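here's my sequence, what's the structure:
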Amino acid sequence: MSRMNSFAFFLLAVSSVVLGGPVRRGVPPYGDMGGFGQWIRISTFCEPSCAPGAQPFDSTYSGSAASGCRRYFVDTKNGTYFGYDLDVEPLPDSGKFIVSVKPLSLTSSEVSAEVSSRKHQSLALVPISLTRYPEPQTLSEGDLYLLDVLVNRTTGQKIVDEIGVARTQSGLDDLGDDAVPNEPPRNFNLLDVKLRVTGARLLVNRRIVSQLPEKGSVSGHVIWFYYPEFGRVAMSIDQQPGFQKVGTVSRKNIQFTLGNDKFEWGSTTSILPASGTFNLYVLQDFSYKPTNPSQSDAGRDRIPLVCGGVPNAAALFGN
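This next block holds a predicted model:
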């Protein structure tokens, strides 16, 4: 029996909402998605902790959708995947959200094409049907939604998605305790530093081509934007695999050069929690294609800025 088939593939009809509970660092690390009044943070963890090699999937992918996000798990060894859509509806003037888990809206051909592009190999993935979904839940900002994704039939071990929602990306940092119980102290690491841009305006050769809403922001140790002509451009303040030192970041401005094009990414707030001018490492990825077709409309003038943040370069490709 394969690793994948040893798990029961369903979302439990009863999930749980934790009021201000601890945020648990899972696998993969946090990914923030959203904008326009609804930001989502998801972490995946095992309960109890996964033994080495016990994961029933080798990649997890998440992407923003019009009313929330799409999320799916891939087992390339067995050529299968499963996933769900997460819809988030802010309730006006209440500080609450209705969170609904629905069938994945991507087709098998769309999933196969996206995973093939990221893994640089041709894959034809088959979906595993999920027959049970939880009822919609009402969350207040600061609550955490624990969604049992997989249950091992033999051991009872669960793989859980921990979901938090907020009206702003900075509001996600107030979810739960953001501490792991009994975690031993450690030295501060450069990976703990996040770049954050707010109300970002993208200029290419001194021409404004794209912009975030005034209160929109993106943060991560690695941040990126997508523009049809230039593909996805990812940035970090330290060397990442495949990244080149081609620019600088200081106060409220990022500048770098790719070929004959000069890029400036301006923020309305400080990008780093330190003053000075720092080297910037950049990766240009033409293979990336956004899931939402409106995000790749090269015919529009000054299209909305498509961007995101991840904890490291590997997370750009779902690893």
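
sec struct for A314, please.
helix (DSSP: H, G, I helix; E, B strand; the rest coil).

tell me how far it lies from P92.
The spacing between A314 and P92, counted by Cβ to Cβ, to the nearest Å, is 39 Å. No exception for glycine: its C-beta is placed from N, CA and C like everyone else's.

looking at those two now, which is surrounded by more residues?
A314 (14 against 7; other Cβ atoms under 10 Å).

sheet partners, orientation included, of the strand ranked longest in the chain?
Looking across the chain with DSSP state E, the single longest strand is strand 80-91. When pairing is defined by DSSP bridges, strand 80-91 lines up against strand 68-75 (antiparallel), strand 96-103 (antiparallel), strand 126-127 (parallel).

in the next helix or strand after the second one, what's buried?
Pointing back at strand 96-103 there. Sequence-wise, the next helix or strand downstream of strand 96-103 (DSSP states H and E) is helix 108-119. Buried positions in helix 108-119, judged by neighbour count with 16 or more other Cβ atoms under 10 Å: V111, S112, A113, E114, V115, S116, R118, K119.

partner strands of the helix or strand where K262 lies, parallel or antiparallel?
Assessed by DSSP H and E, K262 sits inside strand 261-266. Strand pairing for strand 261-266, using DSSP bridges, gives strand 201-204 (antiparallel), strand 253-258 (antiparallel).

out of the ones you listed, deepest packed?
strand 201-204 (a mean of 18; mean count of other Cβ atoms under 10 Å).

now it - C-alpha only, CSV.
Extracted in CSV, the C-alpha atoms of strand 201-204 (Å, rounded to 0.1, in the frame of the first residue of the first chain):
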residue,chain,number,x,y,z
ARG,A,201,4.4,51.3,-6.3
LEU,A,202,6.4,49.6,-9.1
LEU,A,203,8.4,51.7,-11.5
VAL,A,204,10.2,50.3,-14.5
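
so for it, what's the average pLDDT?
In this model, strand 201-204 carries a mean pLDDT of 91.

what's the next secondary structure element after it?
Counting by DSSP H and E, what follows strand 201-204 is strand 207-211.

residue ranges with poor pLDDT in the stretch 101-250 of the chain?
Applying pLDDT under 70 to the stretch 101-250 of the chain picks out residues 130-131, 152-156, 174-184, 214-215.

try 50
Within the stretch 101-250 of the chain, the stretches with pLDDT under 50 are 178-181.

ranges for the strands of it?
126-127, 137-140, 143-152, 158-166, 195-198, 201-204, 207-211, 217-220, 222-227, 231-236, 244-250 (DSSP state E, counting those that start in this stretch).

before we move on, the earlier item: and the strands paired with strand 80-91, which is most packed in?
strand 68-75 (a mean of 23).

just the angle for that one relative to strand 158-166, thanks.
160 degrees (axes from the mean of the first three to the mean of the last three Cα atoms, to 10 degrees).

for the remainder of this discussion, apply numbering that starts at 157.
Understood, numbering begins at 157; the last thing we discussed is strand 224-231.

and strand 224-231, how far out from the chain middle?
10 Å (Cα atoms, centre = their mean, to the nearest Å).

just list whatever residues bridge to L439.
A390.

is it true that it touches G387?
No. Assessed by Cβ atoms under 8 Å, L439 is found out of contact with G387, at 9.8 Å.

CA-only coordinates of stretch 275-289 in CSV, if you can.
Extracted in CSV, the C-alpha atoms of stretch 275-289 (Å, rounded to 0.1, in the frame of the first residue of the first chain):
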residue,chain,number,x,y,z
LYS,A,275,9.1,21.1,-10.7
HIS,A,276,10.4,21.4,-14.3
GLN,A,277,9.1,17.9,-15.3
SER,A,278,6.0,16.7,-17.1
LEU,A,279,3.4,15.4,-14.7
ALA,A,280,-0.2,14.2,-15.2
LEU,A,281,-1.8,14.3,-11.8
VAL,A,282,-5.0,12.5,-10.8
PRO,A,283,-7.3,14.1,-8.2
ILE,A,284,-8.4,12.3,-5.0
SER,A,285,-12.0,13.1,-4.3
LEU,A,286,-12.8,14.6,-0.9
THR,A,287,-16.4,13.8,0.1
ARG,A,288,-16.8,15.6,3.4
TYR,A,289,-16.4,19.3,4.1
